[in-house]
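# got a predicted structure here, sequence first:
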Amino acid sequence: MHTFYIKQPDGSLRPALQDKIDNLNKPKGSMGLLEDLALQIGLIQHTLSPSLNNPCHLLLGGDHGIVAEGVSATPKEVAWQQMLNFTHGGGGVNLFCRQHHFHLRIVDMGVDHDLSSVPGILNDKIDYGTKNFLYGPAMTERQFDDAIEKGIQLVNACYSEGCNVISLGEMGVGNTSASSIWMSLFCNLPLAECVGSGSGLDSEQVKHKYKVLQQAVDRYLNHYDERGRERTISILRYFGGFEMIGAIGAMLRAAELHMIILIDGFIMTACLLGANQLEPAIRPYAIFGHCGDEEGHRKMLDFLHARPILSLGLRLGEGTGALCAYPIVDSAVRMLNEMNTFQKGHITKYFS
C-alpha cells in the first residue's frame, strides 16, 4: 500500500487565530460552530486569512457482491442507472454542485456495468463489482492497492487545478453493509448497534441483513488474526467496496496536501473512520457536514469526536449532506476575513 506522510496542522498559529476570532466585533464565542470552523480551517491552511478555492466533489461509483444476499432494498441496476443520470445533471449531487460551484467528477471505480464509453464518467474501473464477502474477501490485495492509488490520483488532479477543498460522495448499492461492519470492528461495538435500514429495509429485512453480516464477520474473525495496521488493511479489504477504498485513498492524499476534507453521511464517515485507523493525523483535516438517519451514524461520529454541521435527516448519499453544509463552511471563512474587529469598528470591547 502507498505510504502517506500526513502531518498534523502546525499549531503555532493557534493563539493568533484565536485572538483574531475573539476580537471580531461580537460577544466572545457568540458565533458558535462558525468560530470552531474558522479556527480549524486557519490551522489547516496555516494562515490568519484562509480561503476556499476551486472546490471539487468526487462522486465514486461501485457495486458490492454482498447484495446477492438480499441486504439492500435498492435493485443492483440502480447504481449504473444513477451514474448515467448524473451525467445528465439530474441527481441531487448535480444540483448542489451547481448551487455551490463545485467541480463534479463522476468516477466509475467498480460499477457492475460497462460505462467506459459514457461521456462525463471517468473510467477508473477496477472490476465489475466486488466479490461477495459472505464467502471471502471482497477484493484482492492488488485491487485494494489500485483503489487507493486511483483515489490519490483523483485528488492530485483536483489539487493541480488549484483546489483546496475536496468533498466526497458515493453511489453503490450495498455499501451501508460494508460501513456497518467497519464501524463495528473499528469502534468495538456490537454489530446490532451498527446495522440499519440502508435505503429503506423494513424491520424483518433489517434482521435478515444483520444475520448475513454477522455470519460474514464471524467467518472473517475465524480465519484472520492480524494486529495493528495489518488488521486495519485486512478489514478494509475484506468488506469494503472499490468506491469506499478509493475514497480513503483520496482522503489520505487530501490531508497530505493540507486540503480541507468535507465528509458526508454514514458511508463517507465510515471511510474517514477507516482512513483514521490507518493515519490518525488525518482527523484535523476533516469537516463533518451531516449526521444522517442511518442507524449508528451518531455513534460513529461520537467515536471520532466529530461535531456535524447539519442534521437534516438525509440518507441519499452522493455527498449531498457535505455539499449542503458547504455554505456554513464558507460563512466561517467569511466571518474571519470580512468581519470588523472592535478596534477597526471603533467599538468598545467589553470583555477580556
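Perfect, I can see it now. Numbering: from 1, shown residues only.
# all the strands of this protein, residue numbers only.
Using DSSP state E, the strands of the chain run over 56-62, 103-110, 121-123, 165-171, 260-263, 286-288.
# now distance to residue 35 and mean pLDDT too, for those, in a markdown table please.
(Glycine included, C-beta is placed from N, CA and C.) Shown next, in a markdown table, are the strands of the chain (distance: least, Cβ to Cβ, whole Å; pLDDT from 0 to 100):
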| stretch | distance to residue 35 | mean pLDDT |
| --- | --- | --- |
| strand 56-62 | 26 | 98 |
| strand 103-110 | 29 | 98 |
| strand 121-123 | 38 | 98 |
| strand 165-171 | 19 | 97 |
| strand 260-263 | 16 | 98 |
| strand 286-288 | 14 | 98 |
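# please convert those to JSON lines, extending it with mean neighbour count and distance to residue 45.
Conversion of the strands of the chain to JSON lines gives the following (neighbours: other Cβ atoms under 10 Å; distance: least, Cβ to Cβ, whole Å):
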{"stretch": "strand 56-62", "mean neighbour count": "30", "distance to residue 45": "16"}
{"stretch": "strand 103-110", "mean neighbour count": "23", "distance to residue 45": "20"}
{"stretch": "strand 121-123", "mean neighbour count": "18", "distance to residue 45": "28"}
{"stretch": "strand 165-171", "mean neighbour count": "29", "distance to residue 45": "10"}
{"stretch": "strand 260-263", "mean neighbour count": "28", "distance to residue 45": "8"}
{"stretch": "strand 286-288", "mean neighbour count": "24", "distance to residue 45": "13"}
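# closest one to residue 252 among these?
strand 260-263 (9.5 Å; Cβ to Cβ).
# elements contacting the closest one?
strand 165-171, helix 242-256, helix 266-278, strand 286-288, helix 320-338 (3 or more Cβ pairs under 8 Å, 6 or more residues apart in numbering; DSSP states H and E).
# mind putting the strands of the chain into JSON lines with distance to residue 233?
What follows is the strands of the chain, written out as JSON lines (distance: least, Cβ to Cβ, whole Å):
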{"stretch": "strand 56-62", "distance to residue 233": "18"}
{"stretch": "strand 103-110", "distance to residue 233": "18"}
{"stretch": "strand 121-123", "distance to residue 233": "25"}
{"stretch": "strand 165-171", "distance to residue 233": "20"}
{"stretch": "strand 260-263", "distance to residue 233": "20"}
{"stretch": "strand 286-288", "distance to residue 233": "20"}
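# and residue 215, which of those is closest to it?
Closest to residue 215 of the strands of the chain is strand 56-62 (Cβ to Cβ; 22.5 Å).
# put the alpha carbons of that closest one into CSV.
Output of strand 56-62 as CSV, limited to C-alpha atoms (Å, rounded to 0.1, in the frame of the first residue of the first chain):
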residue,chain,number,x,y,z
CYS,A,56,-14.2,19.8,-6.1
HIS,A,57,-16.6,17.0,-5.5
LEU,A,58,-15.7,13.4,-6.2
LEU,A,59,-18.6,11.1,-6.8
LEU,A,60,-17.3,7.5,-6.8
GLY,A,61,-19.4,4.6,-8.0
GLY,A,62,-19.0,0.9,-7.2
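# show me what it is packed up against.
By 3+ Cβ pairs under 8 Å, 6+ apart, strand 56-62 packs against helix 78-87, helix 92-100, strand 103-110, helix 141-160, strand 165-171, helix 242-256.
# cheers, nothing more for now.
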